[in-house]
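In: sequence-free structure coming up:
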């Protein structure tokens, strides 16, 4: 079968690999759609970041090359002995986070903070950018009838955004700012609205992405290339600053502004992944008792997210900007996302 595999930085190839085989407790899925995630893009441009190259991953024993793709939906085509959660024919999404179940975070219920955390499609022997993949049944969730396969492929990144908002201090009626209007920023915008934010300010340099943010619920738009960000946010919030900001740009200027726009005692939440270290001045926090928190992946969020999408509070398919075939994943996927800022979420059809 065909699969897109990461061999190194700027080296993703569509190759033929053996079709995976089910074992006891596992489920074989025919992949319908798989989204290109920001973490996939980071691995393509600057990796390896989480992909194991020399040392085998502690949970999977895998080293590169690896099959990419962890935002995917599909249909169950075979189940192993002992599987009870799903049956052949079920429409499903996969929660790709791998955890050991034995470390202190796992025992406390925070499996997203597992000491040995991995992801199917980054640190395992399979992924969503393939015709078929096999996962343990505890990673599989049935898709509600109201959700399309395309919407199902957005559940994973939406869970990242919902987790960030859910674990933040945002409350009904609060004001917030979202820095970056890529897929996660656009989902944060919707998740903040669903959580009751009265004002959602989106800060983004791309006019196309700002337009998309407005379509998806942003109440105010700021382009840093034409406006002074902090001044503009203060003007919207009567000089107070926002209650909570979410940094989803992965850029030093954005993080500095995300902290600086928060009111005294407010909170800045880091959601993005970073390719390099940055300079940070603690006085941005200390002088106003601001807080920095962060959010990693998700924990028990998939059912909640699917309900939000089914109810229309999150417009999953509205995020999709392009659908492509697997053989075009590099030119029309990775490279397009790097050069064309009108792109938000690219979905890939593996077959």
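Out: Received it, and whenever you're ready, just let me know what you need. Only a predicted model underlies this, so the values are computations on that prediction, with no experimental measurement involved. Numbers count the residues shown, from 1 in each chain.

In: where does the protein dip in pLDDT?
Out: Within the chain, no range satisfies pLDDT under 70.

In: middle-most residue in it, spatially?
Out: For the chain, the residue nearest the mean C-alpha position is residue 157 (3.1 Å; CA atoms, centre = their mean).

In: element containing it, please.
Out: Per DSSP states H and E, residue 157 falls inside helix 155-167.

In: I'd like to know which elements the one helix or strand residue 6 maps to is packed against.
Out: Using DSSP H and E, residue 6 sits within strand 2-8. Packing partners of strand 2-8 (3 or more CB pairs under 8 Å, 6 or more residues apart in numbering; DSSP states H and E): strand 11-16, strand 66-67. Using the backbone N, CA and C atoms, a C-beta is placed for each residue, glycine as well.

In: and the next helix or strand after the last one, what does it pack onto?
Out: When you say that, I think you mean strand 66-67. Using DSSP H and E, the helix or strand that follows strand 66-67 towards the C-terminus is strand 71-79. Packing partners of strand 71-79 (3+ CB pairs under 8 Å, 6+ apart): strand 26-35, strand 91-94, strand 132-136, helix 149-152, helix 155-167.

In: Repeat the analysis, applying 10 Å as the threshold.
Out: Using 3 or more CB pairs under 10 Å, 6 or more residues apart in numbering; DSSP states H and E, the elements in contact with strand 71-79 are strand 26-35, strand 91-94, strand 132-136, strand 140-142, helix 149-152, helix 155-167, strand 345-349.

In: Distance check, residue 318 against residue 151.
Out: Using CB to CB, to the nearest Å, one gets 10 Å for the distance from residue 318 to residue 151.

In: ok, now which ones touch the residue nearest to the centre of the chain?
Out: The contact partners of residue 157, by CB atoms under 10 Å, 6 or more residues apart in numbering, come to 35, 37-39, 70-71, 182-184, 186-187, 298, 305, 316, 319, 345.

In: what does residue 118 give?
Out: Residues near residue 118 by CB under 10 Å, 6+ apart: 50-52, 57-60, 62, 96-100, 124.

In: Swap in 8 Å and give it another go.
Out: Counting by CB atoms under 8 Å, 6 or more residues apart in numbering, residue 118 touches 50, 57, 58, 59, 60, 97, 98, 99, 124.

In: And the fourth one, its phi and psi?
Out: So that's residue 59. phi -90, psi -30 (degrees, to the nearest 10).

In: Make 623 the first number, not 1, from now on.
Out: Right, with 623 as the first residue, what we last looked at is residue 681.

In: I figured it hits residue 742, correct?
Out: No - in this structure residue 681 lies outside contact range of residue 742 using CB atoms under 8 Å: 10.3 Å.

In: hey, what's in contact with both of those two?
Out: With CB under 8 Å, 6+ apart as the test, residue 681 and residue 742 both reach residue 720.

In: neighbour-wise, which of the two wins?
Out: A direct count of neighbours by other CB atoms under 10 Å for residue 681 and residue 742 places residue 742 higher, at 26 against 17.

In: Verify the contact between that one and residue 761 for me.
Out: Yes - with contact defined as CB under 8 Å, residue 742 reaches residue 761; the gap is 6.8 Å.

In: any idea how the protein splits into domains?
Out: Here the domain assignment for the chain is 624-776+938-971, 780-916, based on automatic domain parsing.

In: Serialize the ones you listed to JSON lines and add fields for distance to residue 931.
Out: Converted to JSON lines, these look like this (distance: least, CB to CB, whole Å):
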{"stretch": "domain 624-776+938-971", "distance to residue 931": "5"}
{"stretch": "domain 780-916", "distance to residue 931": "7"}
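
In: Give me the neighbour count for residue 968.
Out: 25.

In: cool, and the one 3 residues further on?
Out: When counting by other CB under 10 Å, one arrives at 15 neighbours for residue 971.

In: what's across from it in the sheet?
Out: Beta bridges link residue 971 to residue 947, judged by DSSP bridges.

In: quick one: it and residue 948 touch, right?
Out: Yes - assessed by CB under 8 Å, residue 971 is found in contact with residue 948 at 6.7 Å.
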